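Enquirer: give me a model of this one.
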Amino acid sequence: MSTGTPYSIKCNLTFGDIYAQVLAWMAVIFVSLAAGLGLMGSSRPIFALVGVGLILVLSLPFLLFAFVTTLLNHIQLDPIKSE
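Expert: Predicted structure coming up:
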């Protein structure tokens with residue numbers, strides 16, 4: 001019975017690969033905070049808190065999906081040459 005080919009796992013992910021995603025997430029945070037501050041002056045400030053929370057909660061899965069798929073795209077499996 002033969003064993004399978006051994007592989008080495010390498011991750012070549014750099015900060016430049018996720019830089020745009022970090023900037024997009026920061027933009028989402030700033031927009032939601034600006035919307036929250038804009039709604040704070042209204043007669044019902046609870047809408048501001050609900051709005052900010054809703055924006056952050058709904059955008060978080062998309063951010064995590066983008067990070068995870070970027071990470072998985074930068075993982076390399078290289079076969080180890082036997083001597």
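
Enquirer: point out where this protein drops to low pLDDT.
Expert: 1-2, 83 (pLDDT under 70).

Enquirer: would you map the helices across it?
Expert: Taking DSSP state H as the criterion, the chain carries its helices at 15-40, 46-73.

Enquirer: to Thr3, which of those lies closest?
Expert: helix 46-73 (25.9 Å; C-beta to C-beta). To be clear about C-beta, it is placed using only N, CA and C from the backbone, and glycine gets the same treatment.

Enquirer: buried residues in that closest one?
Expert: For helix 46-73, the neighbour count (16 or more other C-beta atoms under 10 Å) marks Ala48, Val52, Ile55, Ser59 as buried.

Enquirer: excluding residues flanking it in the chain, which one is nearest the second one?
Expert: Translated: Val52. Nearest residue to Val52 in three dimensions, chain neighbours excluded: Gly36, at 4.0 Å (C-beta to C-beta, 6 or more residues apart in numbering).

Enquirer: how about the one you found, what does it touch?
Expert: The contact partners of Gly36, by C-beta atoms under 8 Å, 6 or more residues apart in numbering, come to Ala48, Leu49, Gly51, Val52.

Enquirer: the last one reaches Phe30, doesn't it?
Expert: No - counting by C-beta atoms under 8 Å, Phe30 is not a contact partner of Val52; they are 11.1 Å apart.

Enquirer: quick one: neighbours of Ser8, just the number.
Expert: 9 (other C-beta atoms under 10 Å).

Enquirer: my guess is it meets Asp78, correct?
Expert: Yes - the criterion here is C-beta under 8 Å, and Ser8 meets it with Asp78 at 5.1 Å.
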